[in-house]
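Visitor: Quick one: sequence plus predicted model below, questions after.
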Amino acid sequence: MFQQVNDIRYKFYDYHLKKKLAGTANRRQSKPMNFRQADTIGILFDATKPASRVFINEYREILINKDKQVSILGYFDDRQDHQNVIFKYFNNKDLNWYWHPTSNIAKEFAARQFDILIGLHLNPCPPLEYVAALSQAHIRVGRYHPNREHCYDLMIDVADDYNLKAFSEQLEEFLKRVNESSE
């Protein structure tokens with residue numbers, strides 16, 4: 001029964017997201033961008049697991065040391081308030097019935113024109129995919145998931161046993177090679 005309800009919710013999620021995307025189709029200014037050229041990077045991630053939060057904090061520092069301006073938006077799969085996090089977040093209190101974020105934090109993050117938006121979540125996550133799909137970033141990068149091509153411009157297919165560190169390294173290497181001739 002619970003799975004049937006989630007299947008219905010997912011159909012509403014997809015329907016309303018695609019309707020919203022159709023209404024905003026030509027607003028986004030995508031342009032050729034690679035990792036070396038990028039000044040601003042937005043990161044979306046599932047903040048539910050403490051290990052993911054630790055990694056994101058470390059990765060943020062690595063990117064800052066590479067002279068990147070980094071903004072992070074985390075999603076907690078719960079309804080609690082979270083203290084002592086250094087990133088903006090939203091959670092289930094900030095979602096409508098079909099998993100679309102309603103918080104100003106998520107809307108403002110999607111409206112920012114990052115050079116690169118990185119979806120650093122390895123499992124499908126409708127609320128994060130929604131933010132990525134509506135993102136105004138010049139290029140949006142994430143893990144490949146079937147039927148989610150509207151969320152990212154560049155998707156990388158990795159094994160299920162990948163971790164965030166390996167995935168972030170692979171994304172970065174790939175982004176260094178993308179559009180090299182435009183430098």
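Guide: Arrived safely, thanks for sending.
Visitor: how about the strands in this structure?
Guide: Applying DSSP state E to the chain gives strands spanning 40-46, 69-76, 88-91, 116-119, 139-143, 154-156.
Visitor: Identify each buried residue in the lowest-mean-pLDDT helix or strand in the chain, please.
Guide: Scoring the helices and strands of the chain by mean pLDDT, DSSP states H and E places helix 2-23 at the bottom, with a mean of 84. Across helix 2-23, burial judged by 16 or more other CB atoms under 10 Å covers Tyr13, Leu17. Glycine gets a C-beta too; all of them are placed from N, C-alpha and C.
Visitor: What is it packed up against?
Guide: Contact partners of helix 2-23 among helices and strands, from 3 or more CB pairs under 8 Å, 6 or more residues apart in numbering; DSSP states H and E: helix 126-134.
Visitor: Give me the helices and strands touching the helix it packs on, please.
Guide: helix 2-23, strand 40-46, strand 69-76, helix 104-111, strand 116-119.
Visitor: CSV please, covering those and showing distance to Leu128.
Guide: Below are the helices and strands packed on helix 126-134 laid out as CSV (distance: least, CB to CB, whole Å):
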stretch, distance to Leu128
helix 2-23, 12
strand 40-46, 5
strand 69-76, 5
helix 104-111, 9
strand 116-119, 6
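Visitor: Can you give the contact residues for the least confident helix or strand of the chain?
Guide: Residues from elsewhere that reach helix 2-23 (CB atoms under 8 Å, 6 or more residues apart in numbering): Trp97, Tyr98, Trp99, His100, Pro126, Tyr130, Ala133, Leu134, His150.
Visitor: And stretch 148-161, by the same measure?
Guide: 17-18, 21, 30, 119, 122, 124, 129, 132-133, 139-145, 166-167, 170-171, 174-175, 178.
Visitor: what's around Ser30, how many residues?
Guide: For Ser30, the neighbour count with other CB atoms under 10 Å is 11.
Visitor: what pLDDT does the closest residue to it other than its chain neighbours get?
Guide: Nearest non-adjacent residue to Ser30, counting by CB to CB, 6 or more residues apart in numbering: His138, 5.6 Å away. pLDDT, His138: 92.
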